[in-house]
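Colleague: Structure for the following, please:
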Amino acid sequence: MENEGGDSTKARTDADEDDDDQPMLSSQALDALKEYLSEQNQSPSGSTGSGITLVAEDWRLSQFWYDTETAEIIAKEVLDLCLSTQSPVAFIACPTLYAYLKYIDGNISAQLLEYDKRFEQYGSDFTFYDYNHPEEIPAALKHAFKVVVADPPYLSKECLEKVAQTVDFLAHPTDFRLLLLTGDVQRDRAAELLGLYPCGFRPQHSSKLGNEFRLFTNFDPGKNLGGWDREK
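Modeller: Reported below is the predicted structural model:
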């Protein structure tokens, strides 16, 4: 679980658009991202152990950053999905994964829907998002993504239901890949609301949490994420 929670450029999904028309991070935004990933004056809880240091978690916003292995594995899976679908990606309340994806490939078009306004530094890649108002999102983002990653800030039925509304708003109506990161206690709700199964891969946080976390998808991830785990 990463945080509580998005003015933005229109995301594109048309594979026939010229590369020159694809949204790109400005040099200012790229510099801000590099600063985010390399700041040295943050609390120890933000350290990834790979030479990348993240801004401090704000526990008041239920922020708990993923460890390096988790962030890299999921970011690489998202990159593969974006390339195979020729689609931008929407990150709902998971700034660590957005940051790692951009670190791996700064040319990938991504939108971060996030409550914490520290991330406004990413310019048009940032959309203010409060899960209590799940569809208060720019109309340009509606059904604009074939790849969506969501990390509800709280392990409650209400929170997951509202984030599911946001997913429905953002996702392409007939063809999209969804990755949901949340507690194992949400397994049945994730299946009921979004048709998801847990993967064998187990996400880990830099700050050890008491709740067992899982990664759920609406597609069979194969060996990359340990495949689907359908056992109770």
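Colleague: Can you tell me the SS state at the spatially most central residue of the chain?
Modeller: Closest residue to the average C-alpha location of the chain: residue 91 at 3.2 Å, with Cα atoms, centre = their mean. The three-state assignment at residue 91 reads strand, by DSSP: H, G, I helix; E, B strand; the rest coil.
Colleague: Offset the numbering so it begins at 645, please.
Modeller: With the count now opening at 645, the last piece we talked about shows up as residue 735.
Colleague: Any idea what it is bridged to?
Modeller: residue 756, residue 793 (DSSP bridges).
Colleague: Could you measure from it over to residue 753?
Modeller: Relative to residue 753, residue 735 is positioned 12 Å away (Cβ to Cβ, to the nearest Å). Glycine gets a C-beta too; all of them are placed from N, C-alpha and C.
Colleague: anything in contact with each of the two?
Modeller: Counting by Cβ atoms under 8 Å, 6 or more residues apart in numbering, residue 735 and residue 753 have no contacts in common.
Colleague: quick revisit: settle this for me: the residue nearest to the centre of the chain is touching residue 757, isn't it.
Modeller: Yes - counting by Cβ atoms under 8 Å, residue 735 does reach residue 757; the two are 6.7 Å apart.
Colleague: which residues are common contacts for these two?
Modeller: Common neighbours of residue 735 and residue 757, using Cβ under 8 Å, 6+ apart, do not exist here.
Colleague: so where's the chain shaky on pLDDT?
Modeller: For the chain, the stretches flagged by pLDDT under 70 are 645-707, 852-854, 875-876.
Colleague: in it, which strand has the most residues?
Modeller: strand 821-827 (DSSP state E).
Colleague: Check the secondary structure at residue 860 for me.
Modeller: Here residue 860 is recorded as strand under three-state DSSP.
Colleague: need the contact list for residue 860.
Modeller: Residues in contact with residue 860 (Cβ under 8 Å, 6+ apart) are 823-826, 830-831, 834, 838, 840-843.
Colleague: rerun at 10 Å
Modeller: Neighbouring residues of residue 860 by Cβ atoms under 10 Å, 6 or more residues apart in numbering: 794, 822-826, 828, 830-831, 834-835, 838-843, 872-873.
Colleague: I figured residue 710 was touching residue 744, is that so?
Modeller: Yes - counting by Cβ atoms under 10 Å, residue 710 does reach residue 744; the two are 8.4 Å apart.
Colleague: This protein: helices as residue ranges?
Modeller: 671-682, 712-729, 739-748, 801-814, 831-838 (DSSP state H).
Colleague: is it possible to export those helices to JSON lines including distance to residue 762?
Modeller: JSON lines is the format used below for the helices of the chain (distance: least, Cβ to Cβ, whole Å):
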{"stretch": "helix 671-682", "distance to residue 762": "9"}
{"stretch": "helix 712-729", "distance to residue 762": "18"}
{"stretch": "helix 739-748", "distance to residue 762": "9"}
{"stretch": "helix 801-814", "distance to residue 762": "21"}
{"stretch": "helix 831-838", "distance to residue 762": "29"}
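Colleague: Return the most buried member of those helices.
Modeller: Mean neighbours per residue, mean count of other Cβ atoms under 10 Å, is largest over the helices of the chain for helix 739-748, with a mean of 24.
Colleague: relative orientation of that helix and strand 821-827 in degrees?
Modeller: Calculated by axes from the mean of the first three to the mean of the last three Cα atoms, to 10 degrees, helix 739-748 forms an angle of 130 degrees with strand 821-827.
Colleague: I'd like to know which elements helix 739-748 is packed against.
Modeller: helix 671-682, helix 712-729, strand 733-736, strand 754-758, strand 791-794 (3 or more Cβ pairs under 10 Å, 6 or more residues apart in numbering; DSSP states H and E).
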